[in-house]
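Student: Sequence and predicted structure, then a few things I'm wondering about:
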Amino acid sequence: MVPHRHGRLIAPGRGTPPTTALLWAIGLAAAAGSAGTVLLASGNPELYQRELRVVLLSWITIPFIGAGMIAWRHRPDSRFGPLLIAAGLVTPASTLQWADQRLLHTVGQLCDLLLPALWLHVFLAYPTGRLHGRLRRSLVAAGYAVALVLQVLILVLGGFDERHLLGVLDQPELAELLQNVQLLGLSALALVGVAALWLQRRSGPAPRPAVALLVDSFGAALIMVAALLTAGTFQLPGFEIIRLVTFGVVGLAPLAFLFGLLDARLARSAVGELVVRLSAGPPADLRDLIARALRDDSLTVAYWLPGDRGWADGHGDPVTLPSGDASRAVTVLEQRGDPLAALIYHPSLRDEPELVAAVGAAAAIALENGRLQAELRARLRDLRGSRSRLIDAAQDERRRLERDLHDGAQQRLVALSLDLSLLQGELTDPDARRRVEQARREVTVSMEELRGIARGIHPAVVSSHGLSVALESVAARTSMPLRLQVGGVPRLPENIEVAAYYVVCESLANTGKHAHATTASIEVRVAGDTLVVVVTDDGVGGADAGGGTGLRGLADRVEALDGRLRVWSPSGGGTRVRAEIPVPPG
């Protein structure tokens, strides 16, 4: 690395070396050459011991080359391995600026600040070696432009010393200004890169622990690079210590990557455990078993439901597979050429397709069972939704009939009663007056019966005044002694209040017709997120919840709201009806 006050850094070429042995030979030769250049350079200010400088160069050269070769061998179709190798091979190029030969010195000066741009590229391109998203591509492109274009301009303006071949003008002040702009620009890009890594981690699911450690090491390296460049710009004290820490942190990044590869290798041993667990019988927690085998707590298992039903999770809820989303990866498992299930997982597992395929193959039979269960749950959900829609439609029809009776027949009866009253006032014959009065009473009875029918068809009082008022009205009309506890119940969705109202009315109707009870009680309360309705009597018992249409109809109405209706009616021990209906939040 350059020993002058800016202590600047370096960057890549793109190559595809043919063999591992040749790569090692080139890498070791580059490291040895850079070490020789450092040790033999003349006129180099002694900012610290040359031996330590050689150690630092080796520390940011050999780990990148070694990790890159392992990554390349482990995943040949990924660009990340060659990118790591490029970072390692280009590192020694900056040491050529210490050479006395003018051409080599010029090459070294041109490579001086390419390495921070290349590190930014490496860290933002993990794990595939490809840059996903406009922000990351823009950051890397800007990094290379600042590192290369401004460097050429600085050299043309006569920056640095006179050994390079590009000095055309003699403008050292302008060169110094551009140099500061260059350093601060790369520092800002590094910090934005840290923000991009942080945003990806916050916006997506929690990564695997090894991946989290790797991303944290990338972020720490970029922060130290920004600190080093800023310290070089403003000539801050302790620059050499910052450079030492920066190179140490950057050298840890490829080691963290190797730890991630080792973690992925160890994860393959979990496939055997998965096979053992599955061989013991159909698991109740298949998704958790697969997530444990992949070491990815964010895993989602989606099942393909035939008949154009699409994808669904284990509960039968619809699932949309991500497409073109860098924050999630998908592998579709097939059986006999047909889709079976899809594994949606963290994108870091894209570099482990063998692991994903092995886990999918091991869980294939259990996934088929899971698909059947998901299809069954989806059908049950559709059935429940259909039943709910039927009840809602029936409720709407009841409301319409009640409105028609109120606005039609009842109004005509009221008008008829008024006409009879007027006619009665005009008659002088006592017998005629008596007959008109009797007709008026019959009309009044008919209106009361019609109002009762209307209330049975649809309890308008529930809609207008709420469940509490409606039940107080029911209690007032009941002939037997009745204890009502309904205080503190808030207004609830109309379908829930209507269902509770019918539970009470039907239960009291059964009590009056069959139970021969002397007393009854009604208790209505909200317990947590559940509306609880309890109706009890001291009658003869023996009610059959499944034998008649009344209680069975109540059960259907309650179950359509995801609730439950239970009846206890021992012979001679009275009857107790309890309904529990979930209450939506808010």
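Tutor: Right, received. Where do you want to start?
Student: Look up how far Ile496 lies from Ile581.
Tutor: Note on Ile581: its distance to Ile496, by Cβ to Cβ, to the nearest Å, is 5 Å. For the C-beta atoms, the positions are set from N, CA and C on the backbone; glycine is no exception.
Student: ugh, wrong one, I meant Arg136
Tutor: Distance of Arg136 to Ile496, given as Cβ to Cβ: 50 Å.
Student: for Ser417, same thing?
Tutor: According to Cβ to Cβ, Ser417 stands 37 Å off from Ile496.
Student: which regions of the stretch 351-500 of the chain lie under the pLDDT threshold?
Tutor: Scanning the stretch 351-500 of the chain for pLDDT under 70 picks out the ranges 351, 365, 368-410, 447-461.
Student: that older thread, who's more crowded, Arg136 and Ile496?
Tutor: Each of Arg136 and Ile496 has its neighbours counted (other Cβ atoms under 10 Å); Arg136 has more, 22 against 18.
Student: Which parts of this protein are strands?
Tutor: Along the chain, counting by DSSP state E, strands occupy 300-305, 310-312, 318-319, 329-335, 338-345, 482-485, 520-527, 530-537, 564-568, 575-582.
Student: elements contacting the second one?
Tutor: When you say that, I think you mean strand 310-312. strand 300-305, strand 318-319, helix 364-404 (3 or more Cβ pairs under 8 Å, 6 or more residues apart in numbering; DSSP states H and E).
Student: Could you rerun that using 7 Å?
Tutor: When contacts are defined as 3 or more Cβ pairs under 7 Å, 6 or more residues apart in numbering; DSSP states H and E, strand 310-312 packs onto strand 300-305, strand 318-319.
Student: ok, now the fourth one?
Tutor: Secondary structure elements in contact with strand 329-335, counted by 3+ Cβ pairs under 7 Å, 6+ apart, are strand 338-345, helix 353-362, helix 364-404.
Student: Buried residues in it, which are they?
Tutor: Using 16 or more other Cβ atoms under 10 Å as the test for burial, strand 329-335 gives 329-331, 333.
Student: any idea how far it is from the chain center?
Tutor: The gap between where strand 329-335 is centred and where its chain is centred comes out at 19 Å by Cα atoms, centre = their mean, to the nearest Å.
Student: can you check stretch 523-542 too?
Tutor: On Cα atoms, centre = their mean, the centre of stretch 523-542 falls 40 Å from that of its chain.
Student: can you pull the buried residues of that stretch?
Tutor: So for stretch 523-542, counting by 16+ other Cβ under 10 Å, buried means 524, 531-541.
Student: coming back round to it: among the helices and strands packed on strand 310-312, which is nearest Leu565?
Tutor: The closest of those to Leu565 is strand 318-319. By Cβ to Cβ, the value is 29.2 Å.
Student: Number of residues surrounding Leu262?
Tutor: Per other Cβ under 10 Å, the neighbour tally for Leu262 reads 12.
Student: quick one: the helices in the stretch 51-200 of the chain?
Tutor: For the stretch 51-200 of the chain, the helices defined by DSSP state H, counting those that start in this stretch cover 62-74, 80-90, 102-110, 114-125, 134-156, 172-203.
Student: Let me have the ones you listed in a markdown table, extended by mean pLDDT and distance to Gly219.
Tutor: Converted to a markdown table, these look like this (pLDDT from 0 to 100; distance: least, Cβ to Cβ, whole Å):
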| stretch | mean pLDDT | distance to Gly219 |
| --- | --- | --- |
| helix 62-74 | 84 | 18 |
| helix 80-90 | 86 | 17 |
| helix 102-110 | 85 | 28 |
| helix 114-125 | 92 | 8 |
| helix 134-156 | 93 | 14 |
| helix 172-203 | 90 | 5 |
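Student: any chance of the ones you listed in a markdown table, with distance to Asp288 too?
Tutor: Formatted as a markdown table, the helices of the stretch 51-200 of the chain follow (distance: least, Cβ to Cβ, whole Å):
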| stretch | distance to Asp288 |
| --- | --- |
| helix 62-74 | 28 |
| helix 80-90 | 30 |
| helix 102-110 | 54 |
| helix 114-125 | 32 |
| helix 134-156 | 33 |
| helix 172-203 | 23 |
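Student: Of all the ones you listed, which one comes closest to Val359?
Tutor: helix 62-74 (17.8 Å).
Student: tell me the angle that closest one makes with helix 80-90.
Tutor: 150 degrees (axes from the mean of the first three to the mean of the last three Cα atoms, to 10 degrees).
Student: where does the stretch 151-300 of the chain dip in pLDDT?
Tutor: 203-208, 264-270, 272, 275-276, 279-284.
Student: about what we covered before: and the two most separated of the buried residues of stretch 523-542?
Tutor: Using Cβ to Cβ, the two most remote members of the buried residues of stretch 523-542 are Leu531 and Val540, lying 28.8 Å apart.
Student: how near is Glu354 to Val249?
Tutor: Glu354 sits 32 Å away from Val249, going by Cβ to Cβ.
Student: Those two: who's more crowded?
Tutor: Neighbour comparison, Glu354 and Val249: the larger count goes to Val249, with 17 against 13 (by other Cβ under 10 Å).
Student: hang on, isn't that one packed against Ile223?
Tutor: No - using Cβ atoms under 7 Å, Val249 is not in contact with Ile223; the gap is 8.3 Å.
Student: re the thing from before, and Leu413, which of the strands of the chain is closest to it?
Tutor: The stretch from the strands of the chain with the least distance to Leu413 (Cβ to Cβ) is strand 482-485; that distance is 30.1 Å.
Student: Packing partners of that closest one?
Tutor: Packing partners of strand 482-485 (3+ Cβ pairs under 7 Å, 6+ apart): helix 467-477, strand 520-527.
Student: ok, residues contacting that strand?
Tutor: Residues outside strand 482-485 that contact it (Cβ atoms under 7 Å, 6 or more residues apart in numbering) are 471-472, 475, 520-524.
Student: need those in a markdown table with distance to Ala253, can you?
Tutor: As requested, the contacts of strand 482-485 are arranged in a markdown table below (distance: Cβ to Cβ, whole Å):
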| residue | distance to Ala253 |
| --- | --- |
| Leu471 | 69 |
| Glu472 | 73 |
| Ala475 | 75 |
| Ala520 | 76 |
| Ser521 | 72 |
| Ile522 | 70 |
| Glu523 | 66 |
| Val524 | 64 |
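Student: And these, which of them are buried?
Tutor: Among the contacts of strand 482-485, those buried by neighbour count (16+ other Cβ under 10 Å) are 471, 475, 520, 522, 524.
Student: so the first one touches Val486, yeah?
Tutor: Yes - with contact defined as Cβ under 7 Å, Leu471 and Val486 form a contacting pair (5.2 Å).
Student: what touches both of those two?
Tutor: Common neighbours of Leu471 and Val486, counting by Cβ under 7 Å, 6+ apart, are 522, 524.
Student: and Gly260, how far is that from Arg491?
Tutor: Distance from Gly260 to Arg491, counting by Cβ to Cβ: 56 Å.
Student: Please identify which of those two sits among more neighbours.
Tutor: A count of neighbours by other Cβ under 10 Å puts Gly260 above the other of Gly260 and Arg491, at 26 against 10.
Student: The more buried one: what's its closest spatial neighbour, skipping adjacent residues?
Tutor: Spatially, and ignoring its direct neighbours in sequence, Gly260 is nearest to Ala210 (4.5 Å; Cβ to Cβ, 6 or more residues apart in numbering).
Student: That neighbour: what's it in contact with?
Tutor: Per Cβ under 7 Å, 6+ apart, neighbours of Ala210: 259-260, 263.
Student: likewise Gln182?
Tutor: Remark: with contacts taken as Cβ under 7 Å, 6+ apart, Gln182 is in contact with 113, 146, 150-151.
Student: Just among those residues, which is most surrounded?
Tutor: Leu113 (29 neighbours).
Student: so how far is Ala190 from that residue?
Tutor: For Leu113 relative to Ala190 (Cβ to Cβ), the value is 12 Å.
Student: One more: Asp562?
Tutor: Asp562 is 53 Å from Ala190, by Cβ to Cβ.
Student: cool, Ile70 as well?
Tutor: Separation of Ile70 from Ala190 (Cβ to Cβ): 26 Å.
Student: Could you check which of those two is surrounded by more residues?
Tutor: Of the pair Ile70 and Ala190, Ala190 is the one with more neighbours under other Cβ under 10 Å, namely 27 against 18.
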